[in-house]
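**Q** Fold the following.
(chains A and B)
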Number of protein chains: 2
Amino acid sequence: MTFPVVGMVGGGQLARMTHEAGIPLGIRFKLLSDTPQDSAAQVVGDVVVGDYRDLETLRAFARGCDVITFDHEHVPTEHLRALEADGIPVRPGPDALVHAQDKGVMRARLDAIGVPCPRHRIVADPADVAAFAAEGEGFPVILKTVRGGYDGKGVWVVHSVEDAAEPFQAGVPVLAEEKVDFVRELAANVVRSPHGQAVAYPVVESRQVDGVCDTVIAPAPDLDAALALQAEEMALRIAKELGVVGHLAVELFQTRDGRVLVNELAMRPHNSGHWSQDGAVTSQFANHVRAVLDLPLGDPRPRAPWTVMVNVLGGDFPDMYSAYLHCMARDPQLKIHMYGKDVKPGRKVGHVNTYGDDLDDVLERARHAAGYLRGTITE
Amino acid sequence: MTFPVVGMVGGGQLARMTHEAGIPLGIRFKLLSDTPQDSAAQVVGDVVVGDYRDLETLRAFARGCDVITFDHEHVPTEHLRALEADGIPVRPGPDALVHAQDKGVMRARLDAIGVPCPRHRIVADPADVAAFAAEGEGFPVILKTVRGGYDGKGVWVVHSVEDAAEPFQAGVPVLAEEKVDFVRELAANVVRSPHGQAVAYPVVESRQVDGVCDTVIAPAPDLDAALALQAEEMALRIAKELGVVGHLAVELFQTRDGRVLVNELAMRPHNSGHWSQDGAVTSQFANHVRAVLDLPLGDPRPRAPWTVMVNVLGGDFPDMYSAYLHCMARDPQLKIHMYGKDVKPGRKVGHVNTYGDDLDDVLERARHAAGYLRGTITE
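**A** Residues are numbered from 1 along each chain as shown, chains lettered A, B, ... in the order given. Modelled structure (predicted):
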């Protein structure tokens, strides 16, 4: 058979779950992982251990792959261009991916295509932050290094000019943004293929705790249909305008005055789409694989009225197995997704999905399981 | 984490799909495969290539596994006993598995516990076959070698004493059975754990073509509720009485006079349960893993009114990829499961699942996709 080989750069849980979704598709999966113990490296057959920052490692890995895709956005843009010059399709490509790598580039591009964002500009130093604050509603202001941040890292909430020194210490350009008065966070997930087919998942509500995604509800409860449609269309337009191939997550603020503003972009399967594994006809992981191979995309529609995802964070107790057994016994419909990672306090080690007709019940079941696994609920 | 290691003997598609189901469970999966190209060996990280008929190979493989389970029923019983003596849990264990390995032992045991079977007895030679025929309705008679048969191999429909010579040539005991006047074939799939928890999937209709499973409809259409319950209870009772751990498929004849008779047993995930991957809350593969680890079992109930599975057989054209692309484009809800096997005419290389509210539509979609992939449908 001539089924293709997908090369995945990065051995985290997104790669692990993408491999899982690729098995029924019959494709071959090849992994470039930092260590043999990484989450995906535990379950993939064809693993190369190496450093994705090294071009020759990437080049050797890419030989024999029909397409290269990613578990994260950290591969240097110039390396991606070199792979493309070697004739290897890179999806998403470097011209798209730079918008997920550099928040300054992303904001400039979204401004250019008229996508609503929080008020923002690149700032030079703390005095410039004070000037940015004064141009709007004053402090607090959000500061972000344009590269290298994730899950709340590389992001500061700054209440005064004195607070504003730290973000500049890394020597990376700093983006200032207004602190949006939002009622909640949403995410619009879409998948786009090279020939331009695209599908939109229902807009979800994403609840963060300490800057880390905690709970996702699909679809977002009580979301005005026109606003939901606007968010889906915005995500589809961003995917098209930026030339994204594969999964695109658009993290959004829903403002008190009824608008949606773009917070962040991610060009890979995303935590806000994990619900789709058990809640949608086609998961984000399966559709990401289909997209990067330019296969026709699968139906993104929900299979149940409500699906809830709650992340499982590590607690104080390193052995989660007996808690896991308890959760399975308590709820035979619970869908547990473990990443094979060592438990450390606060580390994402898995997630749970629940689905059903009654949102309160679905939420309670997911929260109970995640809390019990972490050890914050003991009965 | 102390998540356990499941050792799977056999590298076929059942092992491949069991690995896929084990990934979200966070367990480690170790495979003993005949070759590095086997269906499961393509996708599993920890693969040992070796011969399961060699005890020392099995012993070395089993070291470091928390439990041993199987993709097929061909491991010699004495080897399984040796592993157990080494302290490795073998699930299903040799005392159960022998009933799936030896049809003579199986029939004797089902007789002893009062489970209805076709009229049968071990026959000594062609003259004894004629005597067996004369004891009942005459020819035709079914002859089976008690060991080594599958998918129609090792089974003969014998119309005369002259026909009856071939089955005896292998030197294996031969079982004679009446040719049952059945209206259709059903399968009752159950999963049982070591501490005795068990779940029953809905009874399905299984349609065979040339002795090979072709189509499965879940649940079996127009099946009398009392007969369905009787079949489920019978499968649960067989699992308990025979001490089965893991998945048990009970293949059944539904007779013209409204009874169910046991045709065959399989103690592993089974073709008649593949629909559960997309059609049930918990798939047979996930529940098999949970059972062999003595984890609480997942809900076996259907997620849709109808789910249909059709096997994809190889056709004359070795490259299935363009047909596969066409099928995805035609039906975005289609669930394709490819096994990574080279296409040969008549070889099972995958299956498709469809689900929905309207059985005719669900059947048509699955049949179309499987036929198109095989090349028997060209539009």
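
**Q** drop to CA atoms for contacts and neighbour counts, all remaining ones
**A** Fine.

**Q** continuing past the helix or strand containing A:Phe61, what's the next helix or strand?
**A** Assigned by DSSP states H and E, A:Phe61 belongs to helix A:55-62. Next along the chain after helix A:55-62, taking DSSP H and E as the criterion, comes strand A:67-70.

**Q** Distance-wise, check A:Gly258 relative to chain B.
**A** Going from A:Gly258 to chain B by CA to the nearest CA, to the nearest Å gives 34 Å.

**Q** Same question for the helix holding A:Phe61: list its buried residues.
**A** Neighbour-count burial for helix A:55-62 flags A:Leu55, A:Leu58, A:Arg59, A:Phe61, A:Ala62 (criterion: 16 or more other CA atoms under 10 Å in any protein chain shown).

**Q** tell me which of the residues you listed is nearest to A:Ala323?
**A** Among the buried residues of helix A:55-62, A:Phe61 lies closest to A:Ala323 (CA to CA), at 39.0 Å.

**Q** Quick check: the closest one touching A:Val49?
**A** No - using CA atoms under 8 Å, A:Phe61 is not in contact with A:Val49; the gap is 9.5 Å.

**Q** which neighbours do these two share?
**A** Residues within reach of A:Phe61 and of A:Val49 at once, by CA atoms under 8 Å, 6 or more residues apart in numbering or on different chains, are A:Leu32.

**Q** ok, the residue nearest to A:Glu84 when sequence neighbours are not counted to A:Gly11 distance?
**A** Computed as CA to CA, 6 or more residues apart in numbering or on different chains, the closest residue to A:Glu84 that is not its neighbour in sequence is A:Val90, at 6.4 Å. From A:Val90 across to A:Gly11, the span is 17 Å (CA to CA, to the nearest Å).

**Q** list the contacts for the closest residue to chain B within the stretch 151-300 of chain A?
**A** Using CA to the nearest CA, the closest approach of the stretch 151-300 of chain A to chain B is made by A:Gly298 at 4.5 Å. Going by CA under 8 Å, 6+ apart, A:Gly298 touches A:Val281, A:Thr282, A:Ala286, A:Asn287, B:Met328, B:Pro332, B:Gln333, B:Leu334.

**Q** all helices for chain A, in order.
**A** Secondary structure of chain A (DSSP state H): helices located at A:13-22, A:55-62, A:77-85, A:94-101, A:103-112, A:126-135, A:225-241, A:276-279, A:284-292, A:321-330, A:359-374.

**Q** what helices or strands is the second one leaning on?
**A** Contact analysis of helix A:55-62 by 3 or more CA pairs under 8 Å, 6 or more residues apart in numbering or on different chains; DSSP states H and E lists helix A:77-85 as its packing neighbours.

**Q** For burial, what's the neighbour tally of A:Pro118?
**A** Counted with other CA atoms under 10 Å in any protein chain shown, the neighbours of A:Pro118 add up to 17.

**Q** any idea how far it lies from A:Val180?
**A** Per CA to CA, A:Pro118 is found 7 Å from A:Val180.

**Q** Give me the neighbour count for the spatially closest residue to A:Glu20 that is not a sequence neighbour.
**A** Spatial nearest neighbour of A:Glu20, excluding adjacent residues (CA to CA, 6+ apart): B:Glu20 at 5.6 Å. If you count neighbours by other CA under 10 Å, B:Glu20 ends up with 25.

**Q** contacting residues for the residue nearest to A:Arg374 when sequence neighbours are not counted?
**A** Nearest non-adjacent residue to A:Arg374, counting by CA to CA, 6+ apart: A:Gly315, 4.7 Å away. Going by CA under 8 Å, 6+ apart, A:Gly315 touches A:Val343, A:Lys344, A:Pro345, A:Gly346, A:Leu373, A:Arg374, A:Gly375, A:Thr376.

**Q** Only whichever of those are buried, select them in ChimeraX.
**A** Buried residues within the contacts of A:Gly315, by 16+ other CA under 10 Å, are selected in ChimeraX with:
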select /A:343,373,374,375
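
**Q** tell me the contacts of A:Phe70?
**A** Contacts of A:Phe70 by CA under 8 Å, 6+ apart are A:Met8, A:Val9, A:Gly10, A:Ala15, A:Arg91, A:Arg268.

**Q** how far away is the fourth one from B:Gly356?
**A** What it means is A:Ala15. Distance, A:Ala15 to B:Gly356, using CA to CA: 30 Å.

**Q** More neighbours: which of those two?
**A** Ranked by neighbour count (other CA under 10 Å), A:Ala15 and B:Gly356 place A:Ala15 first, with 30 against 17.

**Q** ok so, going back, mind putting the contacts of A:Gly315 in TSV, pLDDT included?
**A** Shown next, in TSV, are the contacts of A:Gly315 (pLDDT from 0 to 100):
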residue	pLDDT
A:Val343	94
A:Lys344	94
A:Pro345	94
A:Gly346	93
A:Leu373	96
A:Arg374	95
A:Gly375	93
A:Thr376	92
